[in-house]
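[1] coords please:
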Amino acid sequence: MWQRVGRTDWNWLPLLIAVAGWCATLLLCRIMLSRERAQVAETATLAAKTIQSKITAGISTHVAPLEALVARWGADRDPWQPEWQLEATQVRQTYPDFESITWVDEAYNTRWVVPAINDALIAGRGSMDAARRARRTVVAAAGNAATTDGAVLVVIPLFGQRTFKGCVIGVLRTDQWLHALIDSEVPRGFGASISDRNEQLYVRNPEPNTDAPPYHAVTAANVYGSPWVVRAWATPEEWTGSSRMLSAMCLLIGLLIYLSGALAVSARRKTGKVEWAKQKMATQQENLRQANERLKTVIQASPFAIIAMDLEGNVQSWNLAAERIFGWRSEEVIGQPPLFVTSDHLAELREKIEQTASGEPFAGMERRRHKKNGTLIDVEVWTAPLRDAAGSICGMITAMADISEKKKLEEQLRHSQKMEAVGRLAGGVAHDFNNLLTVINGYGHMMLEGLHSADPLRSHSEQILKAGNQAAALTAQLLAFSRRQVIQPKSVDLNHIITAIEKMLRRVIGEDIVFRTALSPGLHHVKTDPNQMEQVLINLAANARDAMPNGGTLTLSTANVQLTELEACELADVPPGSYVEITVSDTGEGMDAETRSHLFEPFFTTKARGKGTGLGLSSVYGSVRQNGGGISVRSEPSKGSTFSIYLPKLTQTAQLEVAAAAVHDHASRGNETILLVEDEAPLRNMLREALASAGYHVLEAGDGSEALKKCERAAGSIDLLLTDVVMPLVNGRELAKRLAPILPHMPVIYMSGYADDVIAFHGILEPGTHLIQKPFVPNALLTKVREVLDARTLSRTGDRMYQRASAS
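    Prediction:
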């Protein structure tokens, strides 16, 4: 029985196996067909989603530069057409998919278009209306635009102060871009289409007339507020192939079930692993590509020059900032050592590469580098090791910032602060020294007048006065440098000043030097003190003479110039605008950079001991600055020097002041009462003696408070107030202010070592102010006193005559 049964079983076994194999094969075929169709549907869905995400990213990539262009110009800024068109052209060159970029005003009229072609403005009023209402960027199909098929409109509205100002419209061609995108992301045997709410933008393999869900996938992409629909489907050839495979599989009845099952399972497993590995690799590659794109965008947008070099020192990458800073394009430097490093610095570069290769970064190093045009710039350098995928150091990444302008401004600030500090010191010393010189020269003059011509002490007195006068000239130069010198500016023509002192300048420079002038006709007037400007030119001529011991040529020229912001910045504290330029050029020995950096410092000189004080050019600097101007010097060793002075042009036409000097034929004597106020006792004593010797009655006070008390006791008899400016308790100006109600017609003469307290602005005397500047001699004081008293008398006489005429 077991044998029979067993034999029966074995007899039926092939048939059972065949039937089971056929059934199993048929079932397996159906299962495989179902899974294959599901995979087809998944492929369609994945393709649709991938296209959707890349469309969003791709559109954003193209919209970003257009929005950046709008942000740079802004709605509140009226752009200049050539500059706007240049930047729009650069956007098109970087993103060639833009067919055109158009600036449209608030009435939707074309303002500018790049490129400048006829009928370039698209008929996208609906999109412009949508962007205007939404107050944001809108991307939509071009519709019936006068442009190439397969294009979209990128519409960016412009608003200023909440008012619609127009739109910037970019016509973005999408046909080639979408074609490449679908070809890369949609497998063969599948079709796809992209459309917005109004128009189909692209289609490949027209969609079959079927609603079968497994073969059709739809997804939506929000493109700047506009819904785009992405569809993907399998072609009939793709999904009918499964049916043909089923028919073929049915013919394979008889195959062993185990072999069929094993092969099917094995194939399925292998297929799944391959697909999974392929998908994972594709995802990783896409992530890596996106990361590289982001990094590339950041590097290209960086304001720093970012340069990658291999371990041999050859350039591997060169960003846009490097092109801008150094002038070389990337194709000129890739694959070779950096051209901004000269041959004598290549050893240092290799040393830094070796340090970096050991993993040692360095930052904040300052170096000088060459540009393509040969100029040198200062850069700050940061470096870090560059590693490959395995983590090994394969090169060096370098970031460099151009700090030339920063260093230039820092140097100007240091120089300005140094000159200001030295100026304060010089002015303070001159102020105190002038008080002493007034006493020395005053008593010296009085002593000299009391000596007979044959007296042996007379020559001693003359030497004392000579030394005192030299010291006074020295302090005058210090005051000129510190800009505390009292000046009387007028509206003058500098050509007239140069012509007037030409003979004097020729005597200053001597016969061995050729003197030339190049005076510009129609020179603008400037407001300056003529005497001070004459001294400036004489000092510069003397300086040029000393630089040409063997003879040469001195050229003095004038011109009207317009200083730009960059040129004015080089002069420090001089605003841009219209100026009159005076240029003094010589063919002498010239100067190096170190000498030029100290040129205007007081007491700095390159002459031998005893040949100069070092105050000539410093006083030139102070005088020019006091008149609101600037001075620069260009010089190199053995190539001569050129000094350029810039004085601001008068903003309004001013009449030349013709000062009619009053001639006083009478003696500087009188019998009026003078209130003398001076806190320095030796100086006060000398002034009292000088005034008393001329017949004046003197009331003296050591400070302002004492002067007020004496004035209260003898107010009616005081004819003139002679006061120092800087005093303790009550200064000279405050004293005059308090006495004005008591003695309204009493004139005031101020005495000062420098006139800060009686100067309205930068050394310019207030109208009606009488000042005698220390140091002075008794005769000068007596003359000044007599002039002021006589002027008061004339004024009173004129008033009485006017009153009589009015009464009659």
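[2] list the beta-bridge partners for Tyr202.
    Ile194 (DSSP bridges).
[3] again but with Ser635, I slipped
    Ser641.
[4] what is the burial count for it?
    21 (other CB atoms under 10 Å). For every residue, glycine as well, the C-beta is placed using N, CA and C.
[5] please apply the same query to Ser557.
    With other CB under 10 Å as criterion, Ser557 counts 17.
[6] hang on, it is in a strand, isn't it?
    Yes: Ser557 sits within a strand when classified using DSSP: H, G, I helix; E, B strand; the rest coil.
[7] report the separation between it and Ile169.
    Distance of Ser557 to Ile169, computed by CB to CB, to the nearest Å: 55 Å.
[8] shaky segments in the stretch 501-650 of the chain?
    Residues of the stretch 501-650 of the chain meeting the criterion pLDDT under 70: 572, 598, 601-616.
[9] ok, which stretches of it are strands?
    Along the stretch 501-650 of the chain, counting by DSSP state E, counting those that start in this stretch, strands occupy 513-518, 526-528, 552-563, 577-586, 630-635, 641-648.
[10] which one of those strands lies closest to Pro303?
    Closest to Pro303 of those, according to CB to CB: strand 552-563, at 28.1 Å.
[11] what helix or strand does Trp112 sit in?
    When elements are assigned from DSSP states H and E, Trp112 belongs to strand 110-114.
[12] parallel or antiparallel, which strands does that strand pair with?
    strand 98-105 (antiparallel).
[13] list the buried ones in the partner strand?
    Phe98, Glu99, Ser100, Ile101, Thr102, Trp103, Val104 (16 or more other CB atoms under 10 Å).
[14] what about it, distance to the chain center?
    Strand 98-105 has its C-alpha centroid displaced from the chain centroid by 31 Å (CA atoms, centre = their mean, to the nearest Å).
[15] neighbouring contacts of that strand?
    62, 66, 69, 84, 88, 91-92, 110-115, 117, 120-122, 128, 147-148, 151, 165-173 (CB atoms under 8 Å, 6 or more residues apart in numbering).
[16] of those, grab the buried ones for ChimeraX.
    In ChimeraX, a selection of the buried entries from those looks like this (16+ other CB under 10 Å):
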select :62,66,69,84,88,91,92,111,112,113,114,120,121,122,128,147,151,165,166,167,168,169,170,171,172,173
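[17] looking at the contacts of strand 98-105, which are in strands?
    110-114, 151, 165-173 (DSSP state E).
[18] tell me which two of these sit farthest apart.
    Lys165 and Arg173 (27.0 Å).
[19] quick check, nearest of the buried residues of strand 98-105 to Val333?
    When the buried residues of strand 98-105 are ranked by distance to Val333 (CB to CB), Phe98 comes first, at 29.0 Å.
[20] just to revisit the earlier point, distance to His445 added to the strands of the stretch 501-650 of the chain, as TSV?
    Listed next are the strands of the stretch 501-650 of the chain as TSV, based on distance: least, CB to CB, whole Å:
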stretch	distance to His445
strand 513-518	38
strand 526-528	32
strand 552-563	38
strand 577-586	37
strand 630-635	37
strand 641-648	37
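[21] could I get the buried residue list for stretch 30-48?
    Here stretch 30-48 shows Met32, Leu33, Glu36, Arg37, Val40, Ala41, Thr43, Ala44, Leu46, Ala47, Ala48 as buried, counting by 16+ other CB under 10 Å.
[22] keep only those of those that are in helices.
    Met32, Leu33, Glu36, Arg37, Val40, Ala41, Thr43, Ala44, Leu46, Ala47, Ala48 (DSSP state H).
[23] mind checking how far the first one is from Val40?
    To tie it back to what came earlier, the one meant is Met32. 12 Å.
[24] returning to that earlier point: out of the strands of the stretch 501-650 of the chain, which gets nearest to Lys278?
    The nearest among the strands of the stretch 501-650 of the chain, by CB to CB, is strand 552-563 at 68.3 Å.
[25] packing partners of the closest one?
    helix 494-500, strand 513-518, helix 530-546, strand 577-586 (3 or more CB pairs under 8 Å, 6 or more residues apart in numbering; DSSP states H and E).
[26] out of these, which is closest to Glu410?
    It is, among the helices and strands packed on strand 552-563 and with distance given as CB to CB, strand 577-586, at 25.1 Å.
[27] how far off centre is stretch 104-119?
    The answer for stretch 104-119 is 33 Å, by CA atoms, centre = their mean.
[28] count the residues that sit near Ala192.
    With other CB under 10 Å as criterion, Ala192 counts 24.
[29] surely it meets Val230?
    Yes: judged on CB atoms under 8 Å, Ala192 makes contact with Val230 at a distance of 7.1 Å.
[30] ok, back up a step: now render the helices and strands packed on strand 552-563 as CSV, adding distance to Glu411 and mean neighbour count.
    Formatted as CSV, the helices and strands packed on strand 552-563 follow (distance: least, CB to CB, whole Å; neighbours: other CB atoms under 10 Å):
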stretch, distance to Glu411, mean neighbour count
helix 494-500, 30, 17
strand 513-518, 32, 14
helix 530-546, 23, 20
strand 577-586, 23, 21
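[31] related to what we said a few turns ago, nearest to Asp546 among the buried residues of strand 98-105?
    Using CB to CB, the buried residues of strand 98-105 come closest to Asp546 at Trp103, 62.1 Å.
[32] state the distance from the closest one to Ala71.
    14 Å.
[33] and for Ala389?
    On the measure of CB to CB, Ala389 and Ala71 end up 37 Å apart.
[34] show me which of these two is the more surrounded one.
    More crowded of Ala389 and Ala71, by other CB under 10 Å: Ala71, with 9 against 6.
[35] ok so that one is a helix residue?
    Yes: secondary structure of Ala71 (three-state DSSP): part of a helix.
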